[in-house]
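S.K.: Prediction below, plus the sequence it came from.
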Amino acid sequence: MARPITEPSDEELIKRIARQDRAAFDLFYKRHEKHIYFFIQKKLNDSFEAYDILHEVFMEIWRKADRFEGRSKVSTWFFGIAFNKTVDRMRKKMPDQFSEDDNEDIVDEEVLNPMELVGATEEATLIAKCIEKLKATQRAVVQLAFYEDMPYPEIAKIIGRPEGTVKTRIFHAKQALKLCISKFTGDRS
Amino acid sequence: MTDTTRDLEQLLPFYVNGTLEGAEKDAIEKRLAEDEDFRMELEFLKALRTNIQAEEMGQSPGELGLARLHKEINAESAPADLPKAANDNRFWRIAAIAAAIALLFSVTVQLYAPLNGQDDYVTASGSANVEGPVFQIFFEENSTQGNISAFLAQEKLTIIEGPTEIGYYRVAARNDLTDNSSKQLLNRLNGSSLIQEALAE
């Protein structure tokens, strides 16, 4: 998320938001809204629920900016808010879909059904479909690691789990993705 | 697979995203120099990251989302204009009961009653056979189900998704409209006292 050096940093914006600076809030929203929304939407696969949660996340940023102590990066803080709100919503709506019990077994459901295979004619589509089949907990970690390019200690803070869990989760996600892709391509490597 | 191999495999994604440093990075590079299978794992993860990074983020709430936030922030920061009975517990108890009844009524109507006697009301996540333009709408919190139903019927609009928990709907015109008619409809929506704001998709 590189930006011109003349623009205020996230830390500066949060300090201004803590003083109820609307302009800083608007700039912060415009800078991060798409990333946060995409992160939530990828976990939920529901754009309308994601919209609700995005709204809640930014309201919390507005209300609690004064409590941000700068011990973590700003991105860790707001992705953590987004993650927790998304998890809460998923627990309410789909308790069986979102267990945080670290049961990382690869299950058959992670394989595409025939209709999905027909639609997945390109490699990128196939990978996207296979990512959708990951457990929500794995999908979040994959997205933070490969879309946001975050280090594992930061991801651990966001999801509120030990660093080892992050590494295990992404390892199992990779195994599940390989299995899903190989079932389609016939490549068993 | 040895524990060390597994440890290194678990670190490999973070080598690929460029966040690994120091001894961990050195250990990965040492293994990469020695192990063909490990290099293949690296290539797989690189391809995976490239694909994920290439994915378009798609449409997000954007300005509409920001406008919604402004509304709520404005409402929060406005001086409280409380009725005299604000400190009277009975007042709040009655208000809470009234709100609960209204909510129950609203949910019941949405679950069981066709909208204004029509069969083409579609609940959340549903889709309707509509041909016209689509609008995103936030209704005023005090809009009643009856008023909303009558208004949508009058404007020949069908709910295609929603409401979400914060009162967000997507509605579509039942008939195809010219650009001009669509703009006029949007103006009417934004002029309605039932609606906080409306946006054409």
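M.R.: Arrived safely, thanks for sending. Residues are numbered from 1 along each chain as shown, chains lettered A, B, ... in the order given.
S.K.: Would you map out the domains in the chain?
M.R.: In the absence of a named chain, this looks at chain A. For chain A, automatic domain parsing gives the domain ranges A:9-99, A:107-189.
S.K.: right idea, wrong chain: chain B
M.R.: Split by automatic domain parsing, chain B gives B:3-54, B:115-200.
S.K.: Is A:Tyr37 in a helix, a strand, or coil?
M.R.: Put simply, A:Tyr37 is helix when judged by DSSP: H, G, I helix; E, B strand; the rest coil.
S.K.: Could you list which residues are in contact with the nearest residue to it once chain neighbours are set aside?
M.R.: Distances taken as C-beta to C-beta, 6 or more residues apart in numbering or on different chains place B:Ser60 nearest to A:Tyr37, at 4.2 Å, with adjacent residues excluded. All C-beta spots, glycine's among them, are computed from the backbone N, C-alpha and C. Shown in contact with B:Ser60 (C-beta atoms under 8 Å, 6 or more residues apart in numbering or on different chains): A:Glu33, A:Lys34, A:Tyr37, A:Phe38, A:Leu54.
S.K.: let's see it at 7 Å
M.R.: Residues near B:Ser60 by C-beta atoms under 7 Å, 6 or more residues apart in numbering or on different chains: A:Glu33, A:Lys34, A:Tyr37.
S.K.: Hmm, the second one is touching B:Gly58, no?
M.R.: No. Between A:Lys34 and B:Gly58 there is no contact under C-beta atoms under 7 Å: 8.8 Å.
S.K.: the more surrounded of those two?
M.R.: More crowded of A:Lys34 and B:Gly58, by other C-beta atoms under 10 Å in any protein chain shown: A:Lys34, with 17 against 10.
S.K.: before we move on, the earlier item: rank the domains of chain B by mean pLDDT and give me the bottom one.
M.R.: Lowest mean pLDDT within the domains of chain B: domain B:115-200, at a mean of 74.
S.K.: Run the chain-centre distance for that one.
M.R.: Using C-alpha atoms, centre = their mean, to the nearest Å, the distance from the centre of domain B:115-200 to the centre of the chain it belongs to is 16 Å.
S.K.: Burial check on B:Glu34, number of neighbours?
M.R.: 9.
S.K.: Ok, A:Lys133 next?
M.R.: Residues lying near A:Lys133 (other C-beta under 10 Å) number 19.
S.K.: picking up where we left off before, three-state assignment of the residue nearest to A:Tyr37?
M.R.: When states are read from three-state DSSP, the local structure at B:Ser60 comes out as coil.
S.K.: For it, give its distance to B:Phe139.
M.R.: 22 Å (C-beta to C-beta, to the nearest Å).
S.K.: Pretty sure A:Ala50 sits against A:Lys42.
M.R.: No. If you go by C-beta under 7 Å, A:Ala50 and A:Lys42 don't touch, sitting 8.6 Å apart.
S.K.: picking that back up, now the domains of chain B as a markdown table including distance to A:Phe68?
M.R.: Below are these laid out as a markdown table (distance: least, C-beta to C-beta, whole Å):
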| stretch | distance to A:Phe68 |
| --- | --- |
| domain B:3-54 | 22 |
| domain B:115-200 | 24 |
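S.K.: B:Leu199 bridge partners, please.
M.R.: Bridge pairing for B:Leu199 (DSSP bridges) gives the partners B:Gln136.
S.K.: for chain B, what are the nearby residues on chain A?
M.R.: A:26, A:29, A:33-34, A:37-38, A:48-49, A:51-52, A:54-55, A:58-59, A:62, A:124, A:127-128, A:145-147, A:149-152, A:167-168, A:170-171, A:174, A:177-178 (C-beta under 7 Å from any C-beta of the partner chain).
S.K.: Next, count neighbours for A:Phe68.
M.R.: 18.
S.K.: isn't it right up against A:Trp77?
M.R.: Yes. If you go by C-beta under 7 Å, A:Phe68 and A:Trp77 touch, sitting 5.8 Å apart.
S.K.: which phi and psi does B:Ile172 have?
M.R.: Just to correct that, residue B:172 is Ala rather than Ile. For B:Ala172, the backbone dihedrals (degrees, to the nearest 10) come out as phi -130, psi 150.
S.K.: That one bridge partners, please.
M.R.: B:Val134, B:Thr158.
S.K.: shouldn't it be in contact with B:Gly132?
M.R.: Yes. Counting by C-beta under 7 Å, B:Ala172 does reach B:Gly132; the two are 5.7 Å apart.
S.K.: more neighbours, those two?
M.R.: Set B:Ala172 next to B:Gly132 and count neighbours by other C-beta under 10 Å: B:Ala172 wins out with 22 against 18.
S.K.: separation between A:Arg161 and chain B?
M.R.: 14 Å (C-beta to the nearest C-beta, to the nearest Å).
S.K.: Enumerate every residue touching the closest residue to B:Asn190 other than its chain neighbours.
M.R.: Among residues not flanking B:Asn190 along the chain, B:Ala198 sits closest, at 5.2 Å (C-beta to C-beta, 6+ apart). By C-beta under 7 Å, 6+ apart, the residues touching B:Ala198 are B:Phe135, B:Gln136, B:Ile137, B:Leu186, B:Leu189, B:Asn190.
S.K.: can you tell me which of the residues you listed lies nearest to B:Leu8?
M.R.: Closest approach between the contacts of B:Ala198 and B:Leu8, by C-beta to C-beta: B:Gln136, at 48.3 Å.
S.K.: That closest one contacts B:Gln196, doesn't it?
M.R.: No. Taking C-beta under 7 Å as the definition, B:Gln136 is not a contact partner of B:Gln196, at 11.2 Å.
S.K.: still on that earlier bit, looking at the domains of chain B, spot the one closest to B:Leu66.
M.R.: domain B:115-200 (11.2 Å).
S.K.: how about the helices in the chain?
M.R.: As the question left the chain open, I've gone with chain A. A:10-18, A:22-44, A:47-64, A:74-93, A:114-119, A:123-132, A:136-146, A:152-159, A:163-185 (DSSP state H).
S.K.: actually it's chain B I care about, not the one you picked
M.R.: Under DSSP H, chain B gives helices at B:3-16, B:22-34, B:36-54, B:62-77, B:89-112, B:145-154, B:179-191.
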